[in-house]
Every structure is written in C-alpha cells, then in structure tokens.
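Let's see this in three dimensions:
(one chain, ligands or ions: 1)
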Amino acid sequence: MFERILAANRGEIALRIIRACKELGVESVAVYSQADRDAPYLKIADRAICIGRAPSAESYLNIPRLIAAAEVADVQAIHPGYGFLSENPHFAEVCRSCNFEFIGPPHEAIRKMGLKTEAKAVAAAAKVACVPGSDGAVGSTDEALRFARSIGFPVLIKAAAGGGGKGMRVVRDESALVPAFQSAKAEAEAAFKNPSVYLEKFIDRPRHVEVQILADAKGHVVHCWDRDCSLQRRHQKLVEESPAPGLSQKTRTRLGEAAVRLAKAVGYVNAGTCEFLVDADEKFYFIEVNARIQVEHPVTEVVTGIDLVKQQIRIAAGQELPFRQDDITTRGHAIECRINAEDPDNDFRPAPGRITSLRIPGGPGVRWDSHVEPGYVVPPNYDSLIGKLIAYGSSRDEALCVLRRALDELVVEGVKTTIPLHRRIVRHPDFIAGRVDTTWVERILMADRMSVVR
Ligand code: MV4
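Residues are numbered from 1 along each chain as shown. Okay, here's the model as predicted:
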C-alpha cells in the first residue's frame with residue numbers, strides 16, 4: 001500500500017479521499033487555492049499545500065502546481081476526485097511519467113472514452129446495445145441529412161468530445177437539420193476545441209441509468225449494480241438512487257453484464273461508470289463512460305457495502321479485488337439529494353456566502369457527506385455543492401421516509417439552498433411512484449412551481 005497520497009481536489013470529495021486514506025492507514029496530503037485557505041478539510045488531512053490563487057486555472061486545474069505539490073510532499077499516488085482534472089488523459093499521463101500513480105484508469109482508456117464516438121464503437125464491438133446512430137462522426141450536412149432520413153426524425157446531434165449536454169441539438173424535422181448541425185459544430189468547437197458531431201435517434205423521455213464498475217490491474221472486472229440519475233435540471237443531477245426503480249432483476253443483470261463487457265473491451269482499470277438510457281419498455285442503450293469516481297457514488301456504497309474510494313486506492317496500489325461478481329449484491333435502497341448553495345427562485349444561480357447556522361441530520365439510515373461547518377464561507381469560484389444527504393431503508397418506501405425526515409431536520413442558514421426543492425421532490429406523487437424520467441424536473445416540477453407563483 002502507498003505511504004502517502006495527494007488529494008488533487010477540494011471540498012467534499014477531497015475530504016472523502018482523506019477519510020478513505022485514514023481508514024487505510026495512508027497519510028493524506030491536501031491541496032488548496034487561496035479561496036479555500038480556511039476550509040476544514042485542510043485540518044483533517046495530514047498536510048496541506050497551497051497551490052495558487054482562487055481561479056481553477058491557477059490551482060485545481062494547474063498540472064505543474066499539482067505535480068510540484070506531489071514532489072514536495074513526497075507522495076506515491078494522486079487521487080483526482082471528480083471534475084477538475086479527473087478525466088484529463090494528459091494529467092493521468094503526466095502523473096505516471098513523474099512516477100506518481102494516478103488513482104484512476106490508464107490514460108489510454110480515459111482518452112478513448114472521452115470521445116463518445118470511440119466509446120460507442122468499443123461498445124458495439126463488445127455487443128453492448130447503443131442508441132441507433134451514425135458510425136462515428138458525421139462529416140457534412142449532406143451526410144447528416146442522408147443519415148437522419150435513414151433512421152427517421154427526431155434525431156439528436158451530439159458532440160463527439162462532449163458530455164453534459166453541450167453541443168447537443170434535438171432535430172424534429174428535415175428543415176431544422178442543417179442549421180442545428182452547424183450550430184452544434186460551432187458550440188462543440190468552442191467548448192471542446194473539437195467540432196466533431198455525430199447523430200443518434202432521439203429517445204423520448206428516457207431514464208438515465210448508470211452502472212458502477214470496478215476493475216483491478218489483474219484483469220478482474222465486476223459491476224456494483226445500477227443507479228438511477230434521471231432527476232436532473234439542465235444536466236445537473238439533483239437526486240440519485242440505487243437500485244434504479246422499476247427495473248426487473250433480469251434487466252439489471254443484463255445492464256451489469258453489458259458494463260463489464262465494455263470495461264474489459266477498453267482495458268479499463270479502477271472505478272468507472274457506464275451510462276445508459278432506458279426507455280419505457282426497459283430497453284437500454286449505452287451512451288457514455290465516466291472515467292472517474294462520481295458525485296453519486298455513496299448510494300452504491302450504501303446498498304452494496306463496498307467502499308468505492310478505498311477500492312480505488314487499493315486497485316491503484318496493485319491489489320486484487322477482494323470479491324468476485326457473485327459476492328456483490330444490493331440490499332435495501334439508498335437515495336441521495338445533492339444540496340447546493342443555489343437560489344431556486346433565481347434560475348438556480350449560485351448563491352455563495354457564509355453558512356451562519358447548520359443542523360446536520362442523523363439517526364438510523366442517514367449519511368451526510370460534506371465539507372462544510374457553521375461559519376464556512378462557500379466560495380464563488382467553484383461548484384456550489386454544500387453536501388450530499390443520503391438516506392437508506394430496507395425498501396424504497398422506507399428510504400423515502402428516512403429521507404423526508406432527514407431533509408426536515410437539515411437546516412442551512414446564511415445562503416440560499418436547494419433544500420426546499422428537495423423537500424418538494426420527495427413528496428411528489430410521481431417521484432414516490434418512481435414515475436420519473438430525464439425530462440421530469442423541467443416538465444413537471446418547474447411548471448408546478450410557476451403555477452403556485454401565479
Ligand atoms: C440522449 C437523449 C435522448 N436520446 N440521447 C444528455 C447528456 C448526455 N449525457 C446524454 N443526454 C441525452 N442523450 C438520445 N439518443 C436524452 C439525453 C438527455 C439526458 C440524458 C441523461 C440525463 C438527463 C438528460 C436530460 C436531457 C436529455
């Protein structure tokens with residue numbers, strides 16, 4: 001095992017990594033920008049190193065600064081967390097070339113999965129069902145038109161280097177195709193420095209279901225079952241749960257097996273996620289791979305009993321997975337609410353500021369993953385996550401009862417938060433029935449709110 005690890009991140013996930021290190025008997029080194037100089041996670045780590053000014057480009061995204069911190073602290077490995085440099089193949093490559101283990105996949109796998117067209121090609125070769133679409137990037141408007149006619153409208157134009165909805169255009173009929181194709185390419189070029197786009201059949205009101213996988217360096221690959229992350233607003237997840245509601249055990253098993261085939265096909269190592277769209281008939285289609293630990297990993301940890309961050313570190317240290325697929329089962333149900341410092345009345349604008357008072361829920365079935373404390377100032381420079389509230393119950397209904405109670409206990413004062421929105425979600429008949437899809441929040445929840453305001 002490593003002697004010392006650098007957590008190349010901040011906030012909640014930095015603390016999560018530091019906690020995993022402590023339980024493994026590994027020393028932890030935190031890094032911080034000037035905006036985070038008073039952050040509580042720095043005191044919990046064994047050492048903290050300032051890496052620059054507040055802007056991410058001068059701190060958490062600055063590869064030379066991070067490598068310098070790793071050198072100074074004499075660590076053996078670097079954990080990138082999520083966001084920032086976590087899926088940057090160049091960073092993974094630099095870490096390894098500087099003799100630091102990168103706690104994540106091989107840079108080749110990150111690079112390949114970063115291109116959605118490549119990921120789909122690998123999936124198709126591994127007999128994983130993909131959304132019907134173009135084989136790779138579409139070069140010209142003529143080609144796009146021919147292809148859209150062949151699969152039929154509506155179609156979706158997606159950026160090959162994309163993710164998170166940037167450069168995506170729904171095209172409902174022929175007349176809209178050429179302008180959409182051109183603006184998608186321009187947006188992709190601006191956002192990813194890569195204008196490549198591809199086409200897919202548009203799946204109507206899909207659910208977003210993803211599969212957690214773990215792969216060691218000895219060729220063992222397992223899945224840790226599924227999560228439903230359908231509750232999103234503008235591609236920002238609000239609520240995640242495991243297992244995904246409304247899926248038969250047969251579908252869940254087939255999803256897991258598909259994810260494992262895909263991971264093996266790209267030579268994946270460490271923790272990752274395969275994302276699928278699931279339609280109303282429980283047909284599923286692979287869309288992309290997330291080559292990192294994800295924000296929503298706790299719901300999987302709660303129902304499987306596996307500490308995913310500790311497993312990431314063990315895998316990077318060359319250890320074999322301590323379980324096989326048959327050992328991994330889910331028990332009960334877990335639901336996570338992402339609590340953000342945002343103003344729901346002002347288009348969810350980030351609402352940084354001082355948390356003047358804080359009451360953290362507890363009791364049976366409650367987990368609170370957060371880096372904040374009373375008096376903490378949410379800086380304006382980074383994403384606005386304050387904490388993740390995770391509820392566990394023996395069934396989905398039980399988990400919901402725990403979650404409602406815990407959300408009512410939770411008090412965050414001084415900044416606007418998404419807590420009131422979550423209190424509405426967990427009482428909504430559609431959510432209680434598991435009758436939600438990726439369009440539900442904007443279609444139903446936001447519309448409901450407007451009618452109350454009037
Ligand atoms: C889709 C889709 C419908 N049909 N692909 C959005 C971001 C990217 N990860 C994939 N996304 C979608 N791809 C086809 N062929 C609908 C979405 C989508 C979505 C997916 C997951 C979670 C939330 C979403 C919200 C809107 C659209």
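
so is residue 83 in a helix, a strand, or just coil?
Counting by DSSP: H, G, I helix; E, B strand; the rest coil, the backbone at residue 83 sits in coil.

Can you give me the pLDDT of it?
What the model reports for residue 83 is a pLDDT of 97.

tell me the SS of the residue nearest to it when sequence neighbours are not counted?
The spatial neighbour of residue 83 that comes closest, neighbours along the chain excluded (CB to CB, 6 or more residues apart in numbering), is residue 383 at 6.9 Å. No exception for glycine: its C-beta is placed from N, CA and C like everyone else's. Three-state assignment for residue 383 (three-state DSSP): coil.

Look up how far residue 369 lies from residue 383.
Here the criterion is CB to CB, to the nearest Å. By it, residue 383 lies 15 Å from residue 369.

Can you tell me the strand partners of the longest strand seen in the chain and which way each runs?
The strand that spans the most residues within the chain, counting by DSSP state E, is strand 221-233. Strand pairing for strand 221-233, determined by DSSP bridges: strand 207-215 (antiparallel), strand 236-242 (antiparallel).

out of the ones you listed, nearest to residue 257?
Smallest distance to residue 257 across these (CB to CB): 9.3 Å, for strand 207-215.

buried residues in that closest one?
Buried residues in strand 207-215, counting neighbours by 16 or more other CB atoms under 10 Å, are found at 207-215.

what does stretch 438-448 give?
For stretch 438-448, by 16+ other CB under 10 Å, it's 438, 440-441, 444-445.

filter those residues down to the ones close to the ligand.
When CB under 6 Å from any ligand atom is applied, the members of those adjacent to the ligand are residue 438.

Sort out which of the buried residues of stretch 438-448 are in strands and list them.
Per DSSP E, the buried residues of stretch 438-448 never map to strands.

So which residues on the stretch 251-400 of the chain come close to the ligand?
277, 287-288.

Please name the residues that touch the nearest residue to residue 413 once chain neighbours are set aside.
Sequence neighbours aside, residue 357 is the residue nearest to residue 413 in space, at 4.2 Å (criterion: CB to CB, 6+ apart). By CB atoms under 8 Å, 6 or more residues apart in numbering, residue 357 lies in contact with 374, 411-414.

circling back: reformat the strands paired with strand 221-233 into a markdown table and put mean pLDDT and distance to the ligand next to each item.
Below are the strands paired with strand 221-233 laid out as a markdown table (pLDDT from 0 to 100; distance: least, CB to the nearest ligand atom, whole Å):
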| stretch | mean pLDDT | distance to the ligand |
| --- | --- | --- |
| strand 207-215 | 98 | 4 |
| strand 236-242 | 97 | 8 |
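
quick one: which of the ones you listed is nearest residue 281?
Closest of those to residue 281 is strand 207-215, at 11.4 Å (criterion: CB to CB).

about what we covered before: which one of the buried residues of stretch 438-448 is nearest the ligand?
Nearest to the ligand among the buried residues of stretch 438-448, counting by CB to the nearest ligand atom, is residue 438 at 3.4 Å.

hmm, back to that, now which of the contacts of residue 357 would you call buried?
By neighbour count, with 16+ other CB under 10 Å, these hold 412, 414 as buried.

With distance to residue 32, secondary structure and pLDDT added, can I get the contacts of residue 357 in TSV?
Conversion of the contacts of residue 357 to TSV gives the following (distance: CB to CB, whole Å; DSSP: H, G, I helix; E, B strand; the rest coil; pLDDT from 0 to 100):
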residue	distance to residue 32	secondary structure	pLDDT
374	20	coil	98
411	27	strand	98
412	22	strand	98
413	25	strand	98
414	22	coil	98
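
Return the residues in contact with the nearest residue to residue 159 once chain neighbours are set aside.
Of all residues not flanking residue 159 in the chain, residue 167 sits nearest, at 3.1 Å (CB to CB, 6+ apart). Applying CB under 8 Å, 6+ apart, we find residue 167 in contact with 157-159, 184-185, 187-188, 191-192, 197.

which intervals of the stretch 251-400 of the chain have sub-threshold pLDDT?
For the stretch 251-400 of the chain, not a single residue meets the criterion pLDDT under 70.

The biggest helix by length in the chain and the ligand in contact?
Looking across the chain with DSSP state H, the single longest helix is helix 174-192. No. Helix 174-192 is not in contact with the ligand by CB under 6 Å from any ligand atom; minimum separation 13.0 Å.

looking just at contacts, which helices and strands does that helix meet?
helix 141-151, strand 155-159, strand 169-171, strand 197-201 (3 or more CB pairs under 8 Å, 6 or more residues apart in numbering; DSSP states H and E).

mean confidence score for it?
Here the average pLDDT along helix 174-192 is 93.

same deal with stretch 39-46?
Taken as a whole, stretch 39-46 has a mean pLDDT of 98.

Start and end of that stretch, how far apart?
End-to-end distance for stretch 39-46: 14 Å, by CA to CA, to the nearest Å.

roughly how far out does it sit from the chain middle?
Centroid separation between stretch 39-46 and its chain, computed with CA atoms, centre = their mean, to the nearest Å, is 24 Å.

Could you tell me which residues within it count as buried?
Using 16+ other CB under 10 Å as the test for burial, stretch 39-46 gives 39, 41-42, 44-45.

Contacts only, for the residue most central in space within the chain.
Centroid-nearest residue in the chain: residue 294, 3.8 Å away (criterion: CA atoms, centre = their mean). Contacts for residue 294 were tallied using CB under 8 Å, 6+ apart; they are 82, 210, 273.

before we move on, the earlier item: just give me how far the longest helix of the chain sits from the chain centre.
On CA atoms, centre = their mean, the centre of helix 174-192 falls 26 Å from that of its chain.

Taking strand 197-201 as reference, get the angle to it.
130 degrees (axes from the mean of the first three to the mean of the last three CA atoms, to 10 degrees).

Check which residues of helix 174-192 are buried.
By neighbour count on 16+ other CB under 10 Å, the buried set for helix 174-192 is 176-177, 180-182, 184-185, 187-189, 192.

for stretch 199-207, how far is the first residue from the last?
OK, stretch 199-207 end separation, CA to CA: 20 Å.

what sits up against that stretch?
For stretch 199-207, contacts defined as CB under 8 Å, 6+ apart pick out 131-134, 138, 144, 147-148, 151-158, 170-171, 228, 230, 244, 246, 277-280, 285, 436-439.

Only the buried subset of those, as a ChimeraX command please.
In ChimeraX, a selection of the buried entries from the contacts of stretch 199-207 looks like this (16+ other CB under 10 Å):
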select :131,133,134,138,144,147,148,151,155,156,157,158,171,228,230,244,246,277,278,285,436,437,438
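
what's near enough to touch the closest residue to residue 220 other than its chain neighbours?
Once flanking residues are discounted, residue 220 sits nearest to residue 321: 4.9 Å by CB to CB, 6+ apart. Shown in contact with residue 321 (CB under 8 Å, 6+ apart): 214, 216, 220, 222, 311, 315.
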